[in-house]
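> my questions concern the predicted model and sequence given below.
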Amino acid sequence: MKLRIQSGSIRLRLKQAEVRALAEGGEVIENCPTLPVPLTYSLRPSAATTLSASNDGGSLTIDIPSAWLRGWETDARVGFESNEGGLHVLIEKDWKCTNPSDPKDNEDCFENPEPQCT
């Protein structure tokens, strides 16, 4: 799972196995070894009807409505987005790039529906 934080926005891009895990009701967790405390970020299905993000100081957790996740691993939806509380959250499938700098960058990514990827 790739994380990008910029100003008032958070963007997460997920590989196929991660999307599948969420669609099956599981949680996706990553750890970044920042010092002195590692940053943990996770996505998890929720019974809620809206996308929400919370931070306890070392852990960023994003809850996605379970209903939104049904069938996501196989359908054409790219992702989900929210602008609640002044924070823009974007969660999307990670596409294969047509000219990756390293072939490993495309491992387990979704087929790119566009002719070019940046």
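Received, thanks.

> going by C-alpha atoms from here, please, whenever you check contacts or count neighbours.
OK.

> give the buried residues for the lengthiest helix in the chain.
Ranked by residue count and defined by DSSP state H, the top helix of the chain is helix 16-23. Within helix 16-23, the residues that count as buried by 16 or more other Cα atoms under 10 Å are 16, 18-23.

> any chance you could list what contacts that helix?
Helix 16-23 has contacts (Cα atoms under 8 Å, 6 or more residues apart in numbering) with 1, 27-28, 43-45, 66, 69-73, 93-94, 108-110.

> quick one: the buried residues of helix 16-23 as TSV, columns for distance to Asn55 too.
Shown next, in TSV, are the buried residues of helix 16-23 (distance: Cα to Cα, whole Å):
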residue	distance to Asn55
Gln16	26
Glu18	21
Val19	22
Arg20	24
Ala21	22
Leu22	20
Ala23	23
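
> ok, Gly58 to Cys32 distance?
Going from Gly58 to Cys32 by Cα to Cα, to the nearest Å gives 10 Å.

> quick check: neighbours shared by the two?
38-40.

> any chance of TSV for those residues, columns distance to Glu81?
Shown next, in TSV, are the shared contacts of Gly58 and Cys32 (distance: Cα to Cα, whole Å):
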residue	distance to Glu81
Pro38	26
Leu39	22
Thr40	21
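
> who's in contact with the most far-flung residue of the chain relative to its centre?
Using Cα atoms, centre = their mean, the residue of the chain lying farthest from its centre is Pro36. It sits 24.9 Å away. Residues near Pro36 by Cα under 8 Å, 6+ apart: none.

> now pLDDT and distance to Arg77 too, for the buried residues of helix 16-23, in CSV please.
Listed next are these as CSV, based on pLDDT from 0 to 100; distance: Cα to Cα, whole Å:
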residue, pLDDT, distance to Arg77
Gln16, 95, 13
Glu18, 96, 15
Val19, 97, 11
Arg20, 96, 13
Ala21, 96, 16
Leu22, 96, 14
Ala23, 94, 13
